[in-house]
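Trainee: Starting from these lines, generate the structure:
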Amino acid sequence: MKTLLHTSASRGHSNHGWLDSHHTFSFANYYDPERIHFGALRVLNDDRVAAGEGFGTHPHDNMEIVSIPLFGDLEHKDSMNNHGTITTGEIQVMSAGTGIFHSEFNKNKDKEVQFLQIWVLPDKKNVTPRYDQISIDELTRPNELTQILSPHPNDQGVWIHQQAWFYLGELSEGWKGKYTLNAEKNGVYFFVIEGNVTVAGQALNRRDGLGVSETNEIEITADSDARLLVMEVPMNG
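Mentor: All right, here's what the predicted structure looks like:
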């Protein structure tokens, strides 16, 4: 088993006033040659956007882009004629494929929005762009790792063009469990949204991340009430 620890404090940080962002992996002006990606997981940004502010229209291509709001509401508009609001308790996915343009703004004028922006390298290029958005509050159960993303269109949660699986755990203090990988030679990146957990013997605190590879099963303990995001991805990404 191999592990790779990224503490919250070790992440890249940029504060533009309207945007306060922490980068687990190299992004924009933050560059660390040791932190380019974890397998197919390319970007994990922890973003806070001020009231009424946001990202103007900009392009993407050949990337699977996942957004998970943690607090507040994010207004989305794109070149596929999607226009709506992503709110806390939902997950959004875009397959950029041959190319899309989109914008994201804080829907509210009186409070910030907090969300995770995650990019996964696709397993095929130049696919037709697509968009999906669902409630994950309706799927999650206490003290379970609930699947919220997979490679399969008819499976639970959203799907992307990659052999990847995401799970969300709303865990009570003292919970113990194991994560069993879906695909041999994949790795798993654990990100603690809230609370404290121990993964593969490594104690993790709020916003810490741990990559685990070269194993098929990983032990997890909730050291406090915790919210844990689990991202299984191919390691050849």
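Trainee: would you say residue 9 is within a helix?
Mentor: Yes: under DSSP: H, G, I helix; E, B strand; the rest coil, residue 9 falls within a helix.
Trainee: so residue 179 bridges to which residues?
Mentor: Note on residue 179: beta-bridge partners by DSSP bridges are residue 218.
Trainee: gap between it and residue 142?
Mentor: Distance of residue 179 to residue 142, given as C-beta to C-beta, to the nearest Å: 17 Å. (C-beta placed from N, C-alpha, C; glycine too.)
Trainee: So for these two, which residue has more residues nearby?
Mentor: Neighbour count, other C-beta atoms under 10 Å: between residue 179 and residue 142, residue 179 has more, with 23 against 10.
Trainee: which residues of this structure score low on pLDDT?
Mentor: Scanning the chain for pLDDT under 70 picks out 237.
Trainee: Domain map for it?
Mentor: 12-135, 145-234 (automatic domain parsing).
Trainee: and residue 222, what does it touch?
Mentor: 171, 172, 173, 174, 175, 176, 195, 196, 197, 228 (C-beta atoms under 8 Å, 6 or more residues apart in numbering).
Trainee: burial measure for the last one, as a count.
Mentor: Here the neighbour count serves as a burial measure; for residue 228 (other C-beta under 10 Å) it reads 23.
Trainee: Which residue is the nearest non-sequential neighbour of it?
Mentor: residue 169 (4.2 Å; C-beta to C-beta, 6 or more residues apart in numbering).
Trainee: before we move on, what about the fourth one?
Mentor: Closest residue in space to residue 174, ignoring its immediate chain neighbours: residue 222 at 6.5 Å, by C-beta to C-beta, 6+ apart.
Trainee: Repeat that for the fifth one.
Mentor: Taking C-beta to C-beta, 6+ apart, and ignoring the residues beside it in sequence, residue 175 has residue 222 as its nearest neighbour in space, at 4.2 Å.
Trainee: what bridges to the one you found?
Mentor: residue 197.
Trainee: Quick one: classify the nearest residue to residue 71 once chain neighbours are set aside as helix, strand or coil.
Mentor: Leaving aside its sequence neighbours, residue 71 sits nearest to residue 114 (C-beta to C-beta, 6+ apart; 4.2 Å). When classified by three-state DSSP, residue 114 comes out as strand.
Trainee: what residues are up against residue 114?
Mentor: Residue 114 neighbours (C-beta under 8 Å, 6+ apart): 46, 47, 48, 49, 69, 70, 71, 72.
Trainee: Now do the third one against residue 18, distance only.
Mentor: Pointing back at residue 48 there. 10 Å.
Trainee: Compare these two and say which one has the larger neighbour count.
Mentor: Using other C-beta under 10 Å as the criterion, residue 48 and residue 18 rank with residue 48 on top: 18 against 15.
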